[in-house]
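A.B. asks: Provided below are the primary sequence and the corresponding predicted coordinates.
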Amino acid sequence: MNEKKLKRTLLIIGAIVMAFVCLFPFAWMIIISLTKNATFLGSPYVHFELTLNNYRTVVSDPTLHFLAYFKNSVIIATMVTLVTVSISAMGAYAVSRIRFRGRLMVPIFVLGVSMFPQISLVGYLFKFIEKLGWINTYKALFFPYVAWTMPLALWILLSYFSQLPKDLDEAALMDGASRIQALYKVVLPLSAPALFSTALLVFIAAFNEFMFALLFTTDYRARTVPVGIALFQGVHGEVPWGNIMAASTISTIPLVVLALIFQRYVVSGLTAGALKGE
């Protein structure tokens with residue numbers, strides 16, 4: 001076997017191994033969700049019995065409140081995505097286009113603040129939110145989520161905006177457009193890949209966040225899917241792995257669909273900052 005064939009064979013084997021490692025947890029999740037009386041680390045395929053009872057229970061059992069959790073997650077994640085991307089777009093435009101003193105310190109400051117772990121801030125946030133009377137409301141999650149996802153969105157958009165020619169929006173300004181008009185009519189339409197990738201990453205981050213949702217919510221009226229699933233419990237206190245995996249599968253489907261639809265934009269948006277000079 002020559003060197004070229006050996007390299008190709010190793011690449012194929014490596015790709016298969018990586019695909020197996022990445023896809024096996026999802027495949028196992030689906031198997032458990034379709035298995036009757038399943039255990040997480042057991043052997044469901046030995047006595048495998050195809051059933052959709054776990055899905056029926058998750059969707060129809062009023063004591064699980066799964067649909068309420070799912071609705072809360074979608075609403076909060078959507079609101080956070082719209083606000084975060086909008087504010088980050090204006091911030092990235094200002095830093096990349098407008099010259100003012102200390103403008104380069106803005107993204108560095110935002111990045112520095114984002115390095116604080118959630119656990120170091122959650123105690124102070126809880127006291128502050130409790131004093132405002134926001135515990136177990138959408139507001140208790142909305143504002144922390146926006147602050148938490150803002151650095152990611154700002155840096156992605158800043159990296160992309162920096163690659164766009166300044167002559168485009170400067171021409172719009174010379175034609176009488178304001179800065180806001182130049183942003184929304186010139187820069188943003190050209191930044192669709194970055195906007196889509198940023199929105200998707202922010203949505204996934206807000207949808208999957210666990211710590212804030214665990215501490216700032218108390219019941220199904222504001223609790224999100226990750227916390228709701230984690231608190232699933234059987235009649236006698238056992239862990240209902242079938243229900244948990246069925247709920248996890250249902251919750252994963254929207255994220256997978258979004259990733260598949262916008263994967264082209266995500267790749268181009270995230271790699272744009274590395275193409276300077278090309």
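C.D. replies: Thanks, I have it.
A.B. asks: OK, contacts around the residue lying closest to residue 37 once chain neighbours are set aside?
C.D. replies: Of all residues not flanking residue 37 in the chain, residue 242 sits nearest, at 7.4 Å (C-beta to C-beta, 6 or more residues apart in numbering). C-beta: built from backbone N, CA, C; applies to glycine. Residues in contact with residue 242 (C-beta atoms under 8 Å, 6 or more residues apart in numbering) are 32, 33, 35, 36, 37, 38, 53, 54.
A.B. asks: Just put those residues in a markdown table and tack on neighbour count, distance to residue 161 and secondary structure.
C.D. replies: Formatted as a markdown table, these follow (neighbours: other C-beta atoms under 10 Å; distance: C-beta to C-beta, whole Å; DSSP: H, G, I helix; E, B strand; the rest coil):
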| residue | neighbour count | distance to residue 161 | secondary structure |
| --- | --- | --- | --- |
| 32 | 23 | 44 | helix |
| 33 | 24 | 43 | helix |
| 35 | 23 | 49 | strand |
| 36 | 13 | 53 | coil |
| 37 | 13 | 54 | coil |
| 38 | 24 | 49 | coil |
| 53 | 15 | 51 | helix |
| 54 | 23 | 46 | helix |
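A.B. asks: Can you redo the residues you listed as a markdown table, where the extra columns are pLDDT?
C.D. replies: What follows is the contacts of residue 242, written out as a markdown table (pLDDT from 0 to 100):
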| residue | pLDDT |
| --- | --- |
| 32 | 87 |
| 33 | 88 |
| 35 | 84 |
| 36 | 81 |
| 37 | 77 |
| 38 | 71 |
| 53 | 90 |
| 54 | 90 |
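A.B. asks: before we move on, the earlier item: pLDDT (mean, whole number) over the helix or strand containing the residue nearest to residue 37?
C.D. replies: Element membership for residue 242 (DSSP states H and E) is helix 241-271. For helix 241-271, mean pLDDT rounds to 81.
A.B. asks: Next, report how far that helix is displaced from the centre of its chain.
C.D. replies: 9 Å (C-alpha atoms, centre = their mean, to the nearest Å).
A.B. asks: what residue ranges in the stretch 151-278 of the chain score low on pLDDT?
C.D. replies: For the stretch 151-278 of the chain, residues meeting the criterion pLDDT under 70 lie at 234-237, 265-278.
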